[in-house]
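A.B. asks: sharing a model that was predicted from the sequence below.
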Amino acid sequence: MSNIDTMSVNAIRVLSADGVQAANSGHPGLPLGAAAMSYELWAKHMNHNPANPNWANRDRFILSGGHGSMLLYSLLHLFGYGLTSEDLSQFRQDGSLTPGHPEYGHTVGVEATTGPLGAGMAMAVGMAMAEAHLASKFNKEGYPVVDHYTYVLGGDGCMMEGITSEAMSLAGTLGLGKLIVLYDSNKITIEGSTDIAFTEDVKKKFESFGFQTLVVEDGNNLEEIGAAIKEAKADLTRPTMITIKTKIGFGSAKEGMASAHGEPLGVENVKNLRENLGLTSETAFEVPEEIYEHYKSIARENAKVEEKWNELFDDYAKKYPEMKELWDKYHDENAAKDLIDDEAFWAFEDKADATRNISGKIINKIKDHMPNFIGGSADLAPSTKTYMDGMGDFSKDDYSGRNLHFGVRELAMAGIGNGMALHGGLRAYVSTFFVFSDFTKPMARLSSLMEMPLTYVFTHDSIGVGEDGPTHEPIEQAAMLRAMPNFTLYRPADATECAAAWYYAITSTKTPTALVLSRQNLPQLKGSSKDALKGAYIISDSKKADPDAIIIATGSEVQLGIGAQEELLKEGFDVRVVSMPSMDVFKEQSDEYKESVLPNKVRARVAVEALMNFGWGDFVGLDGTTVTMNSFGASAPANILFEKFGFTVENVVKAVKSVIK
């Protein structure tokens, strides 16, 4: 190891410790222990260009142990990604570019929002899958225009989380040879030695997944780390996990101690750390100019790698203009917008059908319009109707397939979907039963945080599941997802609304969307329209300007609202029926539009939905009521359950009369 390499590694350590100390908050242990492996990777093996952080063929790096964010910020600073010393000094402060955990879209060079341990592992698998798929579509002999690796760094905590096992099991099955996992093995967590709760052989576990497994005994030995990375890159038939044995808090007074994980070292200890590592300046965030020059020289060499790729891509575009045109279509986030006027997209038979079936037909329309449309389910495609006909299966033997099989791994599926969306070039969807959205929630939350427009297809949307019983009947799940910022839920009532929901999902640029779809057949409704794109609209109006009451319904219950309207009219009550497939989208409309649909002066309102009533207070107010679920379901045929729990025309009529009186 050269002296400049040693100083460069130690600069990462000292800057990281300085940042945590300045905030008097944070996690110095991981950066101090993992600095050497990170430097070796970024400086000598990873293709990246700080001058163009979004270069399409860059290698991806995800810090799955996001609590060690000062490691990543120090790397971005030293390599010239635009983070200044001042930014580092503002670690964890309001409005800074250096938040407590890395945030995608907030800090240049951060490839994914990480924090929940293991999430970065799943997203890395998604990125590697995206690379493999795009390479199969675009590469020509002599023109490997998609050719990059995905690296993910995580520690013992990431290895304990179930999502890591889910995702890495799939990665091994798929033989993702360009996925390399760096395991920072220091055997320490917050509560102490990992031996108190974690004694499994991680290496053997990854071997069983189908990984090449390598071990670096000395986490400070750059040559040993470099040799392992080279060996990992050489095996393109298997993903690789490199166990790198480190000491948490290396070089500090807390080396090897649990307290190094999540506590500042202390002013005096940071001073001693600097002296111990040979960076003797007493000024925080001060690094010798020769170290900066060294990092700049590496960045200049990396820029040449991109220049070479740009030349290759220019030649490729000239030789294969049709592929350049396809490339542009893959990377056009507005490619689906012309479907708004596509009659075939909005055309359906006028017969009762389950919205899951209708969604399946729409998916097979979209797949012909959007070649980068890719997705699948957690072993439920025959039930969720999410299989694309004639598009093949993504597998170890054929990465060109557009149908993804995640196995029974809902949590990892959502994380992998995020990774595919983050990679760029693909429009992804994932699918399972609505009740199992509980399993996807942590990763759906990251979709929202990162503003990733991943589409979640959730079927079997209510007690209409019937005989499967309360374990499979969603009740509170819609409330859970509606409560999440920057997340849109659509529960369509028929084919037109289902098409609107899909159109919204595939044209969204910053918001993930959940499509909540029925198992049972629903009629095609007179009055249903593209106005569903506004979240709510009048599907059947009263005959007079000021209705006696308003019925608001979603999904399978809209037909109940219309049926109740007809019965009420016989008794002299003239009501309006509003279909509200998306509360979220309706709330975004202008005040004028919202007033036109739900006029403030009409306070007699009833919401009808075979789910929990949480959230409906915003629309029915203090004078209204709901016909909703307030308990778990039961095991019986759907028609019996709807009557049992009060989802009948008669009960809706009764509820409307009660609010009118």
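C.D. replies: On my side now, so go ahead.

A.B. asks: so Ala495 sits against Asp353, correct?
C.D. replies: Yes. The pair Ala495 and Asp353 qualifies as a contact (CB atoms under 8 Å) at a distance of 7.0 Å. C-betas here are computed from N, CA, C, even on glycine.

A.B. asks: tell me which of the two has more neighbours.
C.D. replies: Set side by side, Ala495 and Asp353 show more neighbours around Ala495, with 26 against 20, by other CB atoms under 10 Å.

A.B. asks: ok, and the closest non-adjacent residue to that one?
C.D. replies: Phe348 (3.7 Å; CB to CB, 6 or more residues apart in numbering).

A.B. asks: my read: the one you found touches Leu525, true?
C.D. replies: No. With contact defined as CB under 8 Å, Phe348 and Leu525 do not form a contacting pair (11.6 Å).

A.B. asks: neighbour count: these two, which is higher?
C.D. replies: The neighbour count for Phe348 versus Leu525, taken as other CB under 10 Å, is higher for Leu525 (20 against 16).

A.B. asks: tell me the secondary structure for the more buried one?
C.D. replies: coil (DSSP: H, G, I helix; E, B strand; the rest coil).

A.B. asks: confidence score at it?
C.D. replies: Looking at Leu525, its pLDDT is 98.

A.B. asks: one step back: confidence score at the residue nearest to Ala495?
C.D. replies: Confidence at Phe348, expressed as pLDDT, is 97.

A.B. asks: same question for Met1.
C.D. replies: For Met1, the pLDDT comes out at 62.

A.B. asks: report how many residues lie close to Glu566.
C.D. replies: A count of nearby residues for Glu566, using other CB under 10 Å, gives 13.

A.B. asks: hmm, I was thinking of Gly26
C.D. replies: Burial of Gly26 is recorded as 24 neighbouring residues (other CB under 10 Å).

A.B. asks: now the closest residue to it other than its chain neighbours: which helix or strand?
C.D. replies: In space, and not counting its chain neighbours, Gly26 is closest to Val20: 3.6 Å by CB to CB, 6+ apart. When secondary structure is defined using DSSP states H and E, the element that contains Val20 is helix 3-23.

A.B. asks: name the helices or strands packed onto the longest helix seen in the chain?
C.D. replies: Counting by DSSP state H, the longest helix found in the chain is helix 289-319. Helix 289-319 sits against helix 3-23, helix 69-79, helix 321-330, with contacts defined as 3 or more CB pairs under 8 Å, 6 or more residues apart in numbering; DSSP states H and E.

A.B. asks: what mean pLDDT does it get?
C.D. replies: Here the average pLDDT along helix 289-319 is 98.

A.B. asks: likewise stretch 136-155?
C.D. replies: Mean pLDDT, taken over the full extent of stretch 136-155, equals 98.

A.B. asks: ends of it, how far apart?
C.D. replies: The first and final residues of stretch 136-155 sit 32 Å from each other (CA to CA, to the nearest Å).

A.B. asks: and that stretch, how far from the chain's centre?
C.D. replies: Using CA atoms, centre = their mean, to the nearest Å, the distance from the centre of stretch 136-155 to the centre of the chain it belongs to is 21 Å.

A.B. asks: and that stretch, which residues are buried?
C.D. replies: Residues of stretch 136-155 classed as buried under the neighbour-count rule (16 or more other CB atoms under 10 Å) are 137-138, 143, 145-155.

A.B. asks: what is in contact with Phe348 and Leu525 at once?
C.D. replies: Thr496 (CB atoms under 8 Å, 6 or more residues apart in numbering).

A.B. asks: hey, what's in contact with both of Ala495 and Asp353?
C.D. replies: With CB under 8 Å, 6+ apart applied, the overlap between the contact sets of Ala495 and Asp353 consists of Gln524.

A.B. asks: which residues in the stretch 501-650 of the chain form strands?
C.D. replies: 513-516, 521-522, 537-540, 549-553, 575-579, 605-612, 625-629 (DSSP state E, counting those that start in this stretch).

A.B. asks: can I see the domain layout of the protein?
C.D. replies: The domain map for the chain lists 3-304, 350-522, 534-660, with the assignment taken from automatic domain parsing.

A.B. asks: indicate which one of these is closest to Asp338.
C.D. replies: domain 350-522 (8.4 Å; CB to CB).

A.B. asks: which residue packs closest to Ser377, ignoring adjacent ones?
C.D. replies: Ser431 (3.8 Å).

A.B. asks: hang on, the one you found packs against Ser383?
C.D. replies: No. Between Ser431 and Ser383 no contact is recorded; they are 9.1 Å apart, counting by CB under 8 Å.

A.B. asks: burial check on Asp94, number of neighbours?
C.D. replies: Taking other CB under 10 Å as the definition, Asp94 ends up with a neighbour count of 6.

A.B. asks: and it, helix, strand or coil?
C.D. replies: Three-state assignment for Asp94 (three-state DSSP): coil.

A.B. asks: next, it: phi, psi?
C.D. replies: phi -60, psi 130 (degrees, to the nearest 10).

A.B. asks: if we can go back for a sec, could I get the strands of the stretch 501-650 of the chain as a markdown table with distance to Ile362 and mean neighbour count?
C.D. replies: As requested, the strands of the stretch 501-650 of the chain are arranged in a markdown table below (distance: least, CB to CB, whole Å; neighbours: other CB atoms under 10 Å):
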| stretch | distance to Ile362 | mean neighbour count |
| --- | --- | --- |
| strand 513-516 | 9 | 28 |
| strand 521-522 | 15 | 19 |
| strand 537-540 | 20 | 22 |
| strand 549-553 | 22 | 27 |
| strand 575-579 | 18 | 27 |
| strand 605-612 | 23 | 26 |
| strand 625-629 | 28 | 21 |
